[in-house]
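Colleague: Sequence plus the predicted model coming up.
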Amino acid sequence: MKITSAAQPLEQVRADLLAVLFFQVAGQERGVPRSLAALDRALAGRIARVLASGDFEGKTDESLMLYSDGALPSPRLLLIGLGDSKACDLETLRRAGGASLRSALARKSKRLALVVPHSRRWTPATAAQALTEGCVLASYRFDQYRSVAERTAPPSAVSLLFERAADSRTARGGIERGQIGAECQNLARRLSDEPPNTLTPAALAREAGRVGAEVGLKVRVLGVPELRRAKCGALLAVGQGSAHPPRLITLDYTPRGKGRSAEKARRPTLCLVGKGITFDSGGISIKPSASMEEMKHDMSGAAAVLAALRGAALMQLPLRVVGILAAAENLPSGDAYRPGDILTARSGRTIEVINTDAEGRLVLADALDFAKTEYAPDAILDFATLTGACVVALGSWCSGALGSNDHLLAQVRAAGEACGERVWPLPLWEEHRRAIKSDVADIKNTGGREGGTLTAAAFLGHFTEGTPWVHLDIAGTAWTKQPCVYQTKGATGVGVRLVLEFLRGFRAETLRDYRTQRGSTGV
């Protein structure tokens, strides 16, 4: 799907579907906006009559289809409401882009054009990025296992129409960022939606290799022999019950260029760590059968990290980013690890296993220590569908965020607000650390029902000490049963655009703030 920007008279636009985005009108303000006057004249006042009748007011997510009957080169005109102009935000634009694309899909339209309204609440570039994201995200379908006759192709061309040529030129950067971010998010969705019989730890490693070859990432895969040599006892234990052995996968993006060696030395390094449980039965502490099929999504954190690395390379971000995927399948068998086992993690800490269904924190323990010791990063972010407690606390509206550094948390939260993937900070106190102390080992892998999200993060904090770190619990946001205009049922790909927004805003000078605040909060 090719997305472009243009500035041309709307009455001359040739598209299968022309979507016009409207702010809400009421009372005496029900006239046609000046920017649409020529279009309305070409339609013999049809838009004005619709507005005057009150059949369409431009309320948020309201839409109305009109037919030009030969008066325009575009046969269909879709009016889409944005709501109050003083309250409209980029998420509203994102939904409008998704609604336009879905309408085009329903009518098998090949050419879609969107009229972008002017507003002081956004720049042409940010508006273009949000609309592009909505269109690309709405085009996602996980249909490769369905018959070809049931598949629907998205429009081949989408044009964003601006009133001024200068705005059209400015918008191109936003289109590029939006397309990269949304296409990478769709990659994460596809991986998360894959059935567990096709996406095993080894298959995830092959996918990482494919992405690495596509965009120029260095990919390294540690199989069982390498994991044993690296003493990754926690990751190995989780995967030992499955016929599909675990993997630790790294993807390394380093900016290209001939810059001076001193400048290269100052480039920050950030590690992104993702939980990659390709299927989670709960192991010996087996889950109830109801909805267990959703546990194919338990690798959504790893999918987000892999896709974000692809985005970082395509955007050519000026910092080093390393993705680390801890991939395993958690199944019960005669070889499975058990409640009561004591494991030795890569860091040397011993872990008492209380519940084998608290496996995500175990694979992350070794991955986080690997990130910290192998790359000495300036900061670590991890993404994991870690706890049902986070779903209870925050629902599906935002991800939980906990960490060791308030400044880093604030940066992550700001990135989430900017891209529409909200996160909410939760406390991480010494009491949570005490809750996971073991009587027979250094720590135990669950602190019980109370504050489950918090004690799980406290467990992870043991493996990031000395490095600024934020943990994002995406258990409530990684998949959904309630689709919206740009989201189908299933995987959401949450975290990809958040990471890319965070990385784009990350600057070397902020590292001084991170260093001065290390150890000042939380763990």
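Modeller: That came through fine. Numbering: from 1, shown residues only.

Colleague: make it CA atoms for all contacts and neighbour counts henceforth
Modeller: OK.

Colleague: sec struct for residue 329, please.
Modeller: When classified by DSSP: H, G, I helix; E, B strand; the rest coil, residue 329 comes out as strand.

Colleague: Tell me where the stretch 401-523 of the chain has strands.
Modeller: Using DSSP state E, counting those that start in this stretch, the strands of the stretch 401-523 of the chain run over 423-425, 443-444, 469-473, 479-480, 490-491.

Colleague: what lines up beside the longest one in the sheet?
Modeller: Put plainly, it is strand 469-473. Partner strands for strand 469-473, per DSSP bridges, with pairing direction: strand 379-384 (parallel), strand 399-403 (antiparallel).

Colleague: Can you report the mean pLDDT over the residues of the shortest one?
Modeller: Think strand 399-403. Mean pLDDT, computed over strand 399-403, is 98.

Colleague: Figure out which of the strands of the stretch 401-523 of the chain is closest to residue 404.
Modeller: Residue 404 lies closest to strand 469-473 among the strands of the stretch 401-523 of the chain, at 5.5 Å (Cα to Cα).

Colleague: got a list of contacts for the closest one?
Modeller: Residues outside strand 469-473 that contact it (Cα atoms under 8 Å, 6 or more residues apart in numbering) are 379-387, 390, 399-405, 408-409, 423, 453, 457.

Colleague: Please, a PyMOL command that selects the buried ones among those residues?
Modeller: Selecting the buried subset of the contacts of strand 469-473 in PyMOL, with 16 or more other Cα atoms under 10 Å as the burial test, is done by:
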select buried, resi 379+380+381+382+383+384+385+386+387+390+399+400+401+402+403+404+405+408+409+423+453+457
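
Colleague: coming back round to it: so which of the strands of the stretch 401-523 of the chain is the most surrounded?
Modeller: Between these, strand 469-473 has the highest mean count of neighbours, a mean of 27, where neighbours are mean count of other Cα atoms under 10 Å.

Colleague: Just the CA atoms of that one, as CSV, please.
Modeller: C-alpha atoms of strand 469-473 as CSV (Å, rounded to 0.1, in the frame of the first residue of the first chain):
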residue,chain,number,x,y,z
TRP,A,469,15.4,-0.1,33.7
VAL,A,470,11.7,0.0,33.0
HIS,A,471,9.5,-3.1,32.9
LEU,A,472,6.3,-2.9,30.9
ASP,A,473,3.6,-5.5,31.8
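
Colleague: Run the chain-centre distance for it.
Modeller: 14 Å (Cα atoms, centre = their mean, to the nearest Å).

Colleague: And for stretch 212-219?
Modeller: Relative to its chain's centre, stretch 212-219 lies at 20 Å (Cα atoms, centre = their mean).

Colleague: hmm, who's touching that stretch?
Modeller: With contact meaning Cα under 8 Å, 6+ apart, stretch 212-219 is reached by 208, 209, 211, 249, 250, 251, 252, 253, 254, 310, 313, 314.

Colleague: Quick check: the farthest pair among the residues you listed?
Modeller: Pairwise distances among those were taken by Cα to Cα; the largest, 19.9 Å, belongs to 249 and 314.

Colleague: Please say which of these two ends up with more neighbours.
Modeller: A direct count of neighbours by other Cα atoms under 10 Å for residue 249 and residue 314 places residue 249 higher, at 28 against 17.

Colleague: Make sure residue 93 is actually in contact with residue 126.
Modeller: No: look at residue 93 against residue 126 with Cα atoms under 8 Å: they stay out of range, at 9.9 Å.

Colleague: Comparing the two, which residue is more hemmed in?
Modeller: Higher neighbour count among residue 93 and residue 126: residue 93, with 27 against 21, using other Cα under 10 Å.

Colleague: Quick one, grab the pLDDT at the more buried one.
Modeller: So, for residue 93, pLDDT stands at 96.

Colleague: From the contact counts, what lies against the longest helix along the chain?
Modeller: Assignment by DSSP state H gives helix 165-193 as the longest helix of the chain. Contact here means 3 or more Cα pairs under 8 Å, 6 or more residues apart in numbering; DSSP states H and E; on that basis helix 165-193 packs against strand 2-6, helix 124-138, helix 300-315, strand 490-491, helix 496-505.

Colleague: Same list (these) but as a markdown table, adding distance to residue 58 and mean pLDDT.
Modeller: Formatted as a markdown table, the helices and strands packed on helix 165-193 follow (distance: least, Cα to Cα, whole Å; pLDDT from 0 to 100):
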| stretch | distance to residue 58 | mean pLDDT |
| --- | --- | --- |
| strand 2-6 | 24 | 97 |
| helix 124-138 | 17 | 98 |
| helix 300-315 | 35 | 98 |
| strand 490-491 | 30 | 97 |
| helix 496-505 | 28 | 96 |
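
Colleague: Compare these and give me the one nearest residue 417.
Modeller: In terms of Cα to Cα, the element of these nearest to residue 417 is helix 496-505, at 8.6 Å.

Colleague: If anything else comes up later, I'll come back, but that's it for now.
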